[in-house]
Structures are given as C-alpha cells and as structure tokens.
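Undergrad: below is the sequence, then the predicted model.
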Amino acid sequence: MKIKVQEMDPVSFEPYGRYIPMLKDETYMMHSSGDSFEDHMTKEPLIDTQGHLGYTIGGSAPYIVSSMEKHFHTEEALFCAAEPIVLVVAASHGDLPPQAKDIRAFVLHPGEVAVLNRNVWHDACRGLRKNTGYYYLASRGAAPADWITVDGEAVIEL
C-alpha cells in the first residue's frame, strides 16, 4: 500500500492528537518579542505528565514502515528544529498489531508541534528528503517500548 505524505492540520490530525502551529496559534501559545527576538511558548504544559526530552536522528523518506510503537502511559510531543520531518501514525485496535490500511503520514515543519494521544501507533520520524534529527517529549516508561511489526506493507511516498 502506498501512502502519500500530507500536510498536517488540526482537523486531519485530530484522531491522533493535537497539532500546534506554534508561530500562529493563539489557543495553546503565548507570543512576545523584543528588538532581536520572537518568543513562542505554550500556555500550559505540552504533555499531561512530567516529560523527558529525547532526540532522534531518522533516515529519510521515501521508505517502508516495518514496525511501530505506542505508549499507554504518556502523550508524546514531537517537534523538529531546522528541517521538516515525516510523522507516521495509525489508529490502535486493541491488541491487534498496527494495520497498514490505517497508516497516515504527515509532514511537520519547524515551528510546528504534534502531540500524540496515548495508544496511537507511530514510527520513528524521518526527514522529508534527508536524514534529519528531531526532538520529542514524553514520560519514560518502566521499560523500552515494544516495536510491533506492521500487518501489511506501507510505503511512505512524497
């Protein structure tokens, strides 16, 4: 199954979590500036638990999604620094593994944040066109997450 990367917006991403365009949002964000800076900060904590900051370096799109993880104990916020990333998600169906037919791929640009709901399948993010690093904020679990093989083939295309 071929899955085309799409732009993220609040409506298309709503089944998986919250999309926050930090530079434009007035609901979740506070904005200030000085002579040589702009500041954009969330009004409330980004996730609903104490978070641990992580940094991942992912490969690049296009690629095949072979396995995914999900977290029942925490939301997870993902954000890029300088380069766009591809975030791949899928709805969870109880104890079933992630299903290729459910997979969606979104591009996240610098200045945008995606906060995943609990129990949403997701892959490690990849760069839009080159290997790219990104940050995430989540509560560390008691053990590393299990990566489960996707049922079916999902090819992420630009």
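TA: Happy to help now that I have it.

Undergrad: quick check: mean pLDDT of the strand ranked longest in the chain?
TA: In the chain, ranked by residue count with DSSP state E as the criterion, the top strand is strand 148-157. When pLDDT is averaged along strand 148-157, the result is 96.

Undergrad: packing partners for it?
TA: The helices and strands touching strand 148-157, judged by 3 or more C-beta pairs under 8 Å, 6 or more residues apart in numbering; DSSP states H and E, are strand 2-7, strand 63-68, strand 85-90. Placement of C-beta: from N, CA and C, glycine included.

Undergrad: take these and lay them out in a markdown table including mean neighbour count.
TA: Listed next are the helices and strands packed on strand 148-157 as a markdown table, based on neighbours: other C-beta atoms under 10 Å:
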| stretch | mean neighbour count |
| --- | --- |
| strand 2-7 | 13 |
| strand 63-68 | 17 |
| strand 85-90 | 25 |
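
Undergrad: quick one: the longest strand of the chain to strand 63-68, angle?
TA: For strand 148-157 against strand 63-68, the angle by axes from the mean of the first three to the mean of the last three C-alpha atoms, to 10 degrees is 160 degrees.

Undergrad: alright, I will stop here.
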